[in-house]
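Visitor: got a predicted model here, sequence first, then my questions.
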Amino acid sequence: MKIQLIKGDITKVETEAIVNAANTSLLGGGGVDGAIHRAGGKEILEECVKIRSKQGGCKAGEAVITTAGNLPSKFVIHTVGPVWNGDKEEKKMLLENCYKNCLKIAEDKQLKTIAFPNISTGIYHFPKDKAAEIAVKTVKSFQFNFIEEVVFVCFDDENYDLYKKLTNK
């Protein structure tokens, strides 16, 4: 499995799946979530509404998959990152679960490529350095069968520099 690091817009990345840092409602929001919903179009929202009707949204640490609509990917894997407050160890575990559950879904679908944004580091205020460490460690320790490439897509210089150090890119 190869790790790639890029600075840019995840909605333009051409991997089989991109990960959306969603909220529990799955109905779109700000940041990367809003950008993915806007660029992907109504198909993504329609599938999210179906998932919501069936299971009542998505809890922190969990993940669900939808079409990618108008995006260059085939799928969007939506995961809900934790808000950084209260029990810090619990929040770290929930963030680790976000990455694990997204990778499990990609493996179940036998996907070869997946791209991750910097989950929970925006309005959820997870410290960027801790989030980057969890992301890279979780990906490096995951047991891969089908996934050949994981792409970390960093929106800003600070995250890019943190991931660059951790991935030796």
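Guide: Ah, there it is. A quick note: this is a predicted structure, and the numbers were derived from the prediction, not measured. Numbers count the residues shown, from 1 in each chain.
Visitor: listing partners with orientation, what would you give for the strand or helix carrying Leu5?
Guide: Per DSSP states H and E, Leu5 falls inside strand 2-7. Here strand 2-7 is paired, per DSSP bridges, with strand 149-154 (parallel).
Visitor: for the partner strand, which positions count as buried?
Guide: By neighbour count on 16 or more other C-beta atoms under 10 Å, the buried set for strand 149-154 is 150-154. The way it works is simple: take the backbone N, C-alpha and C, and place the C-beta from them, glycine included.
Visitor: pLDDT value on Lys169, please?
Guide: The per-residue pLDDT reported for Lys169 equals 64.
Visitor: mind listing the helices for this protein?
Guide: Taking DSSP state H to define them, one finds helices in the chain at 31-40, 42-55, 88-108, 128-141, 157-167.
Visitor: what lies in contact with the second one?
Guide: Spelled out, it's helix 42-55. If you take C-beta atoms under 8 Å, 6 or more residues apart in numbering as the criterion, helix 42-55 is touched by 25-28, 36-37, 57-58, 64, 66-70, 76, 78.
Visitor: likewise for the fourth one?
Guide: Contact partners of helix 128-141, identified using C-beta under 8 Å, 6+ apart, comprise 3, 92, 95-96, 99-100, 103, 116, 118-121, 150, 152, 158-159, 162-163, 166-167.
Visitor: just the buried ones from those residues, in ChimeraX syntax?
Guide: A single ChimeraX command is used to select the members of those judged buried by 16+ other C-beta under 10 Å:
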select :3,92,95,96,99,100,103,116,118,119,120,121,150,152,159,162,163,166,167
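Visitor: circling back: rebuild the buried residues of strand 149-154 as CSV, extending it with pLDDT and distance to Lys130.
Guide: Shown next, in CSV, are the buried residues of strand 149-154 (pLDDT from 0 to 100; distance: C-beta to C-beta, whole Å):
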residue, pLDDT, distance to Lys130
Val150, 98, 19
Val151, 98, 21
Phe152, 98, 15
Val153, 98, 19
Cys154, 97, 15
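Visitor: I'd like these as CSV, with distance to Thr15 appended.
Guide: Formatted as CSV, these follow (distance: C-beta to C-beta, whole Å):
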residue, distance to Thr15
Val150, 9
Val151, 6
Phe152, 11
Val153, 9
Cys154, 15
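Visitor: where does the nearest residue to Leu111 once chain neighbours are set aside land on pLDDT?
Guide: Nearest non-adjacent residue to Leu111, counting by C-beta to C-beta, 6 or more residues apart in numbering: Glu16, 4.2 Å away. Listed pLDDT for Glu16 reads 98.
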